[in-house]
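Peer 1: Provide a 3D model corresponding to the input given below.
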Amino acid sequence: MTEKEFKKPPSLESTISRQTRNAFLVAIIFTVAALVNLTISIRVAFTTQTLLSFADSLIVFTFIIITISSARMIHRGKKDQGIKFLLGSFIVTLALRNALTAGLGTVFGILAATLVSFIALLTLHPKEFNRAIIVGIISGAFLQAFDLLAPAYRQSAATAETMIRSITVIASLITIAYIIIIFKQHRQLLLSAKLTLGIIFVVLVPIVVLSIVGSISLDGSLRDRQNDALQGRAALVAKTIDNFLQANVDALRVEGQSPVLANYLAMIAQPGDTSPYASMDTNDLNQYKADLAKQALESLQSFRRKDLVYIESYAILDTSGKNLLDTNVNSQGNDESDEEYFKQPLENKAIFISNIRTDTTRGIKTFYFSSPIRTEYGKTIGILRVEYNASILQTLIDQYSKVATEGSFAAILAEIDVAQENETDPDSVYIFLAHGKNPDLALTSATQLTTSIITPLQMDHILPRGSTAQLTIDVPGLDEGLRNSDNAPVFEAHSRPKEENEGEAYDIIGVAQLTTTPWVVIVSEELSIFNSPFDQQNKAVRLSAILIATVAVIAGAFGGQWLTAPILRLTDTTTQIAQGDLSARATVDTEDEIGMLGQAFNSMAAQLDDLIDSLEERVATRTHDLDRRATQLQAAAEVGHAAA
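Peer 2: This is a model prediction of the structure:
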């Protein structure tokens, strides 16, 4: 039996033509996309004026030249070379750009993993698809791992936010399109490619889900611990301030019970005719008063000596608010009856702690402790007040800064009630009393001030001179967070005005309320530092997932080829037999179902070969018989013709 010559199937030529058109179209699309990306990259470069941004633009421009060259190669009939050159250059371009800009690893990884295999499916022989999948997955894993581990020289993602946003959208659309095309063109895929894709999806989906769930769970537990730690630090600073205030309250309570002060005030308070000292000679009385005044002043001076650095003065006020004795002689004789530190202890019979106020005469910021002075019968006969320099609060706050981690500091704020003249006015304002990062922010407001609010605060010397714009600092979210701190004591906001080069990154803030006075302590930490434990843990999880997924994909690809190799050999044998080589036999090296199929096929091929050989033998025999009969008939015909 002669072998039949089979012509090339008509569909093969159309397939090659379609792949060539797809390849040329891919090169054109890459060129257009690169041009758009170059426009965005140049805009970013001229906006940021950084060397890395200009280098990124140069890389994109080089890739445009490569895409044009690839299109020309494809147009000249070198389809496979052109596409492979384009894909290789694409992966190198992604790697170089990833080395210049942080935060692009995930997006570029998705692009590499999907586009390489996607384009290979549309433009190359199906046998190349498996290899393209492996190259794409390994490239994507490398880009993501590099983004997680690369040094800090790269420009931040914030400088290229527009570019990253556009690339992310493109990557998402391509991934969706890739999945749709895979499902639509699954009939064109080889069995090994289908098996590899199946293994990839089966392996990757659980890994991605587990890594996401693990990250969320870990983030929740770590965040709770971080929040508790931050709030604990705020409570520790608040405890330090409370201890200082309480120590002064306790000392003032004892000092206010001094007999020397009570005797001095009792003598001053007695009217002349009813005084127990009325019978004394005038000179003796004056001498006695002078002696009591001297003793009282010495007592005040001894009280002040416990902290000569921060205590500005000790003073005794009578019940009318007049300053009778003062360690600061310049204040002696002043009328202080309008001050809260005089009115509050006189009315409430309790020790009072004032807010910080501005002393424009001396150019300092001070606050006051004041306590009623009583007789042995409990009658209030005067006020003992202590004037502290407000820098003591800054010193206490700075003590935290010395031991705090980088990017962390504390601050003290006072919530001061104000009268609402307009519906838009708040009912209270938060005023910084001390600030660990910038001490100059003391006596500025975290609440937006209005003219109706600022005027009474300045008249009460709580705020210094200045406009609402000068005394209101830009700290978005802080006022709102403080008002809601009972429900959420840890929140994100700005704790200080940001510099231009710092961007708009929020801080994480923990709040603690003082028990001795209506002040609050905040401890602020840069959000990037606060999140560093989460980022490190997530980095470890992501790297582990990338490593496992890469190994699994490579193993799946080679495993798929190994599993389908017997079927491919059987397919080749079938093709040989279909082309006429009936002696071809499948190699059987397994005893599984595929091995049984090979044995059955070999048996069928052998039977077919035997059948064909038997048929040929029978045909030959019959042909010989026919030839013999034909010869006999021809001889008979010749005899008959001769007889006639």
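Peer 1: gap between Ser370 and Asn248?
Peer 2: 11 Å (C-beta to C-beta, to the nearest Å). Just so you know, the C-beta spots here come from the backbone N, C-alpha and C atoms, and that holds for glycine as well.
Peer 1: where does Tyr368 fall, phi/psi-wise?
Peer 2: Dihedral angles of Tyr368 (phi, psi; degrees, to the nearest 10) stand at phi -130, psi 150.
Peer 1: Equivalent analysis for the one 4 residues further on, please.
Peer 2: With angles defined as degrees, to the nearest 10, Pro372 sits at phi -70, psi 140.
Peer 1: Surely it is in contact with Lys379?
Peer 2: No. Applying C-beta atoms under 8 Å, one finds Pro372 not in contact with Lys379, separated by 9.6 Å.
Peer 1: The two: who's more crowded?
Peer 2: Remark: of Pro372 and Lys379, Pro372 carries more neighbours, 23 against 13, as counted by other C-beta atoms under 10 Å.
Peer 1: nearest residue to the more buried one other than its sequence neighbours?
Peer 2: Of all residues not flanking Pro372 in the chain, Thr380 sits nearest, at 4.5 Å (C-beta to C-beta, 6 or more residues apart in numbering).
Peer 1: domain ranges for this protein?
Peer 2: Following automatic domain parsing, the chain resolves into domains at 10-189, 257-387, 394-532, 585-643.
Peer 1: Where do the helices of the stretch 101-250 of the chain begin and end?
Peer 2: 105-123, 127-149, 161-184, 191-256 (DSSP state H, counting those that start in this stretch).
Peer 1: Redo those helices as JSON lines? Include distance to Gly333 and mean pLDDT.
Peer 2: Compiled in JSON lines, the helices of the stretch 101-250 of the chain are given as follows (distance: least, C-beta to C-beta, whole Å; pLDDT from 0 to 100):
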{"stretch": "helix 105-123", "distance to Gly333": "74", "mean pLDDT": "79"}
{"stretch": "helix 127-149", "distance to Gly333": "72", "mean pLDDT": "81"}
{"stretch": "helix 161-184", "distance to Gly333": "65", "mean pLDDT": "64"}
{"stretch": "helix 191-256", "distance to Gly333": "21", "mean pLDDT": "80"}
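Peer 1: Tell me which of those helices is the most buried.
Peer 2: Comparing the helices of the stretch 101-250 of the chain by mean neighbour count (mean count of other C-beta atoms under 10 Å), helix 105-123 comes out on top with a mean of 23.
Peer 1: need the helices of the stretch 101-250 of the chain in TSV with distance to Met596, can you?
Peer 2: Listed next are the helices of the stretch 101-250 of the chain as TSV, based on distance: least, C-beta to C-beta, whole Å:
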stretch	distance to Met596
helix 105-123	33
helix 127-149	26
helix 161-184	32
helix 191-256	18
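Peer 1: Select, out of the ones you listed, the one closest to Asn355.
Peer 2: helix 191-256 (12.5 Å; C-beta to C-beta).
Peer 1: ok, back up a step: of all the domains of the chain, which one comes closest to Lys539?
Peer 2: domain 10-189 (5.1 Å).
Peer 1: what about the closest one, distance to the chain center?
Peer 2: 26 Å (C-alpha atoms, centre = their mean, to the nearest Å).
Peer 1: can you list contacts of stretch 372-384?
Peer 2: 252, 255-257, 261-262, 265-266, 269, 314-319, 324, 341-342, 345-346, 349-350, 370-371 (C-beta atoms under 8 Å, 6 or more residues apart in numbering).
Peer 1: got the contact list for Ile546?
Peer 2: By C-beta under 8 Å, 6+ apart, the neighbours of Ile546 are 141, 144-145.
Peer 1: Could you look up the SS state of it?
Peer 2: helix (DSSP: H, G, I helix; E, B strand; the rest coil).
Peer 1: and what of the one 3 residues further on?
Peer 2: Three-state secondary structure (criterion: three-state DSSP) places Ala549 in helix.
Peer 1: how many other residues sit next to it?
Peer 2: Ala549, neighbours per other C-beta under 10 Å, totals 22.
Peer 1: can you start the count at 39 instead of 1 from here on
Peer 2: Fine by me, first position is 39 from now on; the one you just mentioned is Ala587.
Peer 1: With adjacent residues omitted, what lies nearest to it?
Peer 2: In space, Ala587 is closest to Ile245, 5.2 Å off (C-beta to C-beta, 6+ apart).
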